[in-house]
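Engineer: task: produce atomic coordinates for the following.
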Amino acid sequence: MEYNQAKMTYSSSLTDREWELIEPLLPKKKQTRPPKWSKRAILDGIFYQLKNGCNWGDLPNDLPPYSTVFWHYKQWREDGVIEQILETLHGHLREQVKKKLGRQN
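Structural biologist: As a prediction, this is how the structure comes out:
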């Protein structure tokens with residue numbers, strides 16, 4: 001099944017702005033062939049599992065296979081990438097809250 005970001009309706013799916021913040025944090029690998037799944041699709045799978053707390057094998061069928069998602073999660077967690085992503089998103093959220101509160105005053 002092909003991944004279509006435009007059709008994603010999960011509350012855990014990355015917004016375009018979040019993806020712009022995260023993409024530069026992801027490791028660059030020399031590609032020998034085009035990947036079957038985009039890094040964004042893999043991250044949507046990771047965030048779906050983390051938000052919903054489901055078993056990896058219970059990811060929806062329109063996300064990459066759980067084995068692919070889990071393998072990348074393990075690699076990126078060990079390399080500190082997941083922590084960087086969470087810190088970046090948290091910082092972005094804090095900025096949004098400050099701006100929103102600033103407009104209310």
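
Engineer: how about T88, phi and psi?
Structural biologist: With angles defined as degrees, to the nearest 10, T88 sits at phi -60, psi -50.

Engineer: quick check: the gap between K98 and I46.
Structural biologist: The gap separating K98 from I46 is 27 Å, by CB to CB, to the nearest Å. In this view, the C-beta of every residue, glycine as well, is placed from N, C-alpha and C.

Engineer: one more: L21?
Structural biologist: Applying CB to CB, the value for L21 to I46 is 15 Å.

Engineer: what does the helix or strand Q49 falls within contact?
Structural biologist: Per DSSP states H and E, Q49 falls inside helix 39-52. Helix 39-52 is contacted from outside by 3, 5, 8, 10-14, 19, 22-23, 26, 54, 56, 59-60, 63-64, 66, 68-69, 72-73, 76, 82, 85, using CB atoms under 8 Å, 6 or more residues apart in numbering.

Engineer: now with 7 Å?
Structural biologist: 3, 5, 8, 10, 12-14, 19, 22, 26, 56, 59, 63-64, 68-69, 72-73 (CB atoms under 7 Å, 6 or more residues apart in numbering).

Engineer: next structured bit after that helix?
Structural biologist: Counting by DSSP H and E, the element after helix 39-52 in chain order, helix or strand, is helix 66-78.

Engineer: so how far is that following helix from its chain's centroid?
Structural biologist: The chain centre lies 12 Å from the centre of helix 66-78; the measure is CA atoms, centre = their mean, to the nearest Å.
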